[in-house]
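# need a 3D model of the sequence below.
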Amino acid sequence: MTTKLLPARHAAHRPADAGRLTPPDDRRRLERIWRGPADQPRWARPALLGLLALTAVLYLWDLSASGYANSFYAAAVQAGTKSWKAFFFGSLDSGNSITVDKPPASLWLMELSGRIFGFNSWSLLVPQALEGVAAVGLLYSTVRRVASSTAGLAAGAALALTPAAVLMFRFDNPDALLVLCMVTGAYAVTRALEAGRTRWLVLAGSVIGLAFLTKLLQGFLVLPAFALTYLLAGPVPLRRRIGQVLAGTASVLIAVGWTAAFGVATAASPHTGSILSVGPAAAATAASAGGGPGTGGGVPSGRTGGTGSAPGGSAPGGSAKSGSMPTGSAPTGSRTAGGKTSAGVGGGVPSGAGGAATSTALTDALKATSSKWAAAVVGDQSAATLELATGKAVISIGGWSGTDPSPTLAQFEHDVATGQVRYLIASGGVAMGGGSAGVAAQITKWVAAHYKKITIGGQTVYDLSQPLS
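All right, here's what the predicted structure looks like:
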């Protein structure tokens, strides 16, 4: 028995809109979006949409009240909107003198937002809030698959309303993207447990790799649990489960592999910061310095000739911070009062904790500069706040606590000699990070001996364009 196919000419007689949705079809599609899958209660999807809407309102309402939130990361975001090199490496300043303390992934969405909409408090923090909304939705979906819609709503609401989460998703710390990556990983593993498909484990590994690029080893905290859960409960034979877990592990390595590629490309030059130091030069320097990347007394900057970059356009030198940024730091640098802007300079507190106020006169003086760096100041918090106030690049001498050897005295001398830095804003004496033998004290002493001291807005400043005769 044979089956006779319709002649091809019959296709010509089909109505022109046969493949289009009719109005009833459109309505059914909208109903499916509103009602959700048939195996869910009719109230579940509307309840989820309501939860997401309330979460968005909670996280976005009066968002600009936080100003620039954590000015340390806000300055890095501003730098990334001005320089693609700063974007890639997570530099604190657009001149690329030093990096922040974490890999740059958490900054990228905020920097893209700033490039599209212009850099301001709103464009800085909206991506963080939207990451929170996405995390709530994915947590609901994850829990619903293993329990019920009611449990999923309870889990999503618990995340949305937890005070620490509300703060986290309204702030520019890396934790917002870190949580989203971990929840996405849990969702992907749950899907893998249902269907036994490798692609879900590859997705889980990829987002955990992104979590590593967000907050280093904290992103790997869930990795052993994910792997063990699938090995024990995966719906396919053990041999295949092992292969799938290995595929997921490979996706983690690929996701973080750009750090290895960077290391190979710059192995000849030591560097510090959020990128791991590599190569014999870096290792030898680290051993002699008694420290490692991102720590006080760490590896000297990879900057050659004081130009702000390693050979071949590699990473900025130094780590802008040692230790951890306190979660929930008070907003700084976003408001002015009585002509003063909180800046942590000129008051003798050179570390990342901040210090006295700087004047509008000093801010205006820095805005008027045309050099690569408007100024240099001890401590990254001071530098960050000046960058936010002026839109100019500022060198952070000594990183977070003023103890990192970045830039070295020789590098700073070169930068000054080539006209790349206009001012040094003095700190309060030599009681600074590293003590009298530290790089901050060395640079301050050298500048005081060779350049004119002036006062701008009540603060001591050295004009590096006016050498002493």
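# so for stretch 414-428, what gets flagged as buried?
Residues His414, Asp415, Val416, Gln420, Val421, Arg422, Tyr423, Leu424, Ile425, Ala426, Ser427, Gly428 are the ones in stretch 414-428 that count as buried (16 or more other CB atoms under 10 Å). Just so you know, the C-beta spots here come from the backbone N, C-alpha and C atoms, and that holds for glycine as well.
# tell me the pLDDT of the fourth one.
This points to Gln420. Among the per-residue scores, Gln420 holds a pLDDT of 95.
# how about it, phi and psi?
phi -90, psi -10 (degrees, to the nearest 10).
# most widely separated two among the buried residues of stretch 414-428?
Greatest spatial distance in these: His414 and Gly428, 26.6 Å, computed using CB to CB.
# the longest helix that the chain contains: which residues count as buried?
If you go by DSSP state H, the chain has its longest helix at helix 121-146. Buried residues in helix 121-146, defined by neighbour count with 16+ other CB under 10 Å: 121, 123-144.
# what angle do helix 121-146 and the helix or strand that comes right after it make with each other?
As assigned by DSSP states H and E, the chain's next helix or strand after helix 121-146 is helix 149-161. Using axes from the mean of the first three to the mean of the last three CA atoms, to 10 degrees, the direction of helix 149-161 lies 160 degrees away from that of helix 121-146.
# now helix 149-161: average pLDDT?
96.
# next one: stretch 125-143
On average, stretch 125-143 scores 97.
# ok, residues contacting it?
48, 51-52, 55-56, 59-60, 63-64, 66, 69, 109-110, 113, 151-156, 159-160, 165, 168-172, 176-177, 179-180, 183-184, 186-187, 190 (CB atoms under 8 Å, 6 or more residues apart in numbering).
# from the buried residues of stretch 414-428, pick the one nearest Thr408.
His414 (9.5 Å).
# strands of the stretch 301-450 of the chain, residue ranges please.
With DSSP state E, counting those that start in this stretch as the criterion, the stretch 301-450 of the chain has strands at 336-337, 340-342, 357-359, 373-378, 394-397, 421-425.
# quick check: mean pLDDT of the longest one?
Along strand 373-378, the predicted confidence averages to a pLDDT of 94.
# got it, and the third one?
Across strand 357-359, the average pLDDT comes to 69.
# number of residues surrounding Phe88?
Phe88 has 17 neighbours, counted by other CB atoms under 10 Å.
# I meant to write Leu112 there.
Around Leu112 there are 16 residues (other CB under 10 Å).
# show me what the regular element (helix or strand) spanning it is packed up against.
Element membership for Leu112, per DSSP H and E: helix 105-117. Judged by 3 or more CB pairs under 8 Å, 6 or more residues apart in numbering; DSSP states H and E, the packing partners of helix 105-117 are helix 71-82, helix 84-89, helix 121-146, helix 175-195, helix 198-215.
# now do the third one and helix 71-82, the angle between them.
Counting by the same axes, to 10 degrees, helix 121-146 lies at 100 degrees to helix 71-82.
# Ser106 against Leu180, yeah?
No. Taking contacts as CB atoms under 8 Å, Ser106 lies outside contact range of Leu180: 10.0 Å.
# more neighbours: which of these two?
Higher neighbour count among Ser106 and Leu180: Ser106, with 29 against 25, using other CB under 10 Å.
# distance of that one relative to Ala65?
21 Å (CB to CB, to the nearest Å).
# beta partners of Thr99?
Ser91, Ser319 (DSSP bridges).
# how many neighbours does it have?
Thr99: 31 neighbours (other CB under 10 Å).
# how about Ser71?
31.
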